[in-house]
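Visitor: prediction below, plus the sequence it came from.
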Amino acid sequence: MSDQSRTEHRERVVRTVEYNMGGSAPDALNTDHIRVHLCANGGYLVEAINRAIADALEVGELREVEGSYVVASE
């Protein structure tokens, strides 16, 4: 996978978490919810989404909270 594709996947994961939190939605999204949004509904491969989650954690765009993910505060 190219660096550009990895970046696009990472950004998509972060946006998915951001858009599906708060209000009446959960305070954090777990891996299964992220996969449903992006793999089942968006046609992404599970392996690509797993890598994108790991990348987002590594660069500090997401934080893990009790087994789920939230967008890291700036």
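Guide: Ah, there it is.
Visitor: the strands in this protein, which residues?
Guide: Taking DSSP state E, the strands of the chain run over residues 62-65, 68-71.
Visitor: of these, which stretch is the most buried?
Guide: Sort the strands of the chain by mean neighbour count, taking mean count of other C-beta atoms under 10 Å, and strand 68-71 sits at the top with a mean of 20. All C-beta spots, glycine's among them, are computed from the backbone N, C-alpha and C.
Visitor: only C-alpha atoms, please: export the longest helix seen in the chain in PDB.
Guide: In the chain, taking DSSP state H as the definition, the longest helix is helix 3-19. Below are the C-alpha coordinates for helix 3-19, written out as PDB (Å, rounded to 0.1, in the frame of the first residue of the first chain):
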ATOM      1  CA  ASP A   3       2.100   6.100   1.700                       C
ATOM      2  CA  GLN A   4      -0.700   8.200   0.200                       C
ATOM      3  CA  SER A   5      -3.200   5.400   0.600                       C
ATOM      4  CA  ARG A   6      -2.200   4.800   4.200                       C
ATOM      5  CA  THR A   7      -2.600   8.500   4.900                       C
ATOM      6  CA  GLU A   8      -6.000   8.500   3.300                       C
ATOM      7  CA  HIS A   9      -7.100   5.500   5.200                       C
ATOM      8  CA  ARG A  10      -5.800   6.900   8.500                       C
ATOM      9  CA  GLU A  11      -7.600  10.200   7.900                       C
ATOM     10  CA  ARG A  12     -10.800   8.300   7.000                       C
ATOM     11  CA  VAL A  13     -10.600   6.400  10.300                       C
ATOM     12  CA  VAL A  14     -10.200   9.500  12.300                       C
ATOM     13  CA  ARG A  15     -13.100  11.300  10.600                       C
ATOM     14  CA  THR A  16     -15.300   8.200  11.100                       C
ATOM     15  CA  VAL A  17     -14.500   8.200  14.800                       C
ATOM     16  CA  GLU A  18     -15.100  11.900  15.100                       C
ATOM     17  CA  TYR A  19     -18.400  11.900  13.200                       C
END
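Visitor: brilliant, that's me finished.
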